[in-house]
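Q: give me the fold of what follows.
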Amino acid sequence: MALTIFMAWLRNRKPLDNSWPLIYWILVFLFTLVREEETYNLNIILVGLAAGMLLRFEFMNPFFIRLVKTVEVGVWCYVLYRGFQIIVY
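A: Residues are numbered from 1 along each chain as shown. Prediction:
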C-alpha cells in the first residue's frame, strides 16, 4: 500500500514518460492474476494498467491527460481501499 501511495506521488511529480508507474501496474496485475479471488477485481486493475500505458506511451492534449490521470487515481483509491479491507478482515 505504501508503494501505491508512492506511485501516486511519483505520477504527479515526475514526467509522464516515467516507467515506474507502468512497472507498478504490471506487478499489481500479476499479483491479481495469482490470487484473484483473494485480492483485487481484475477488471479494475486492467483499467489502471490501460491508464498507465496510455499516459506512458501516448501523446494527448491536456484535457485527456487530466481525464486519464483521474481514472488512474480512482483505481489507486480502489487498490488502497481494497488493501485496507484485506488487512482488516
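Q: run the chain-centre distance for the lengthiest helix in the chain.
A: Ranked by residue count under DSSP state H, the longest helix found in the chain is helix 62-88. From the chain centre to the centre of helix 62-88 is a distance of 6 Å (CA atoms, centre = their mean, to the nearest Å).
Q: likewise for stretch 51-62?
A: Worked out by CA atoms, centre = their mean, stretch 51-62 lies 13 Å from the chain centre.
Q: could you work out the end-to-end span of that stretch for me?
A: 15 Å (CA to CA, to the nearest Å).
Q: now for the longest helix of the chain, which elements pack on it?
A: Counting contacts by 3 or more CB pairs under 8 Å, 6 or more residues apart in numbering; DSSP states H and E, helix 62-88 packs against helix 2-13, helix 42-57. Where you see a C-beta, it was placed from the backbone N, CA and C, and this is true even at glycine.
Q: mind listing what's buried in that helix?
A: By neighbour count on 16 or more other CB atoms under 10 Å, the buried set for helix 62-88 is 68-69, 71-72, 75-76, 78-79, 82.
Q: switch those over to TSV; also include pLDDT and distance to P15.
A: As requested, these are exported to TSV (pLDDT from 0 to 100; distance: CB to CB, whole Å):
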residue	pLDDT	distance to P15
V68	92	15
K69	92	13
V71	95	19
E72	94	15
V75	96	20
W76	95	18
Y78	96	25
V79	94	23
R82	93	29
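Q: tabulate those in JSON lines, adding columns for distance to I45.
A: Formatted as JSON lines, those follow (distance: CB to CB, whole Å):
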{"residue": "V68", "distance to I45": "16"}
{"residue": "K69", "distance to I45": "17"}
{"residue": "V71", "distance to I45": "13"}
{"residue": "E72", "distance to I45": "12"}
{"residue": "V75", "distance to I45": "7"}
{"residue": "W76", "distance to I45": "11"}
{"residue": "Y78", "distance to I45": "9"}
{"residue": "V79", "distance to I45": "8"}
{"residue": "R82", "distance to I45": "10"}
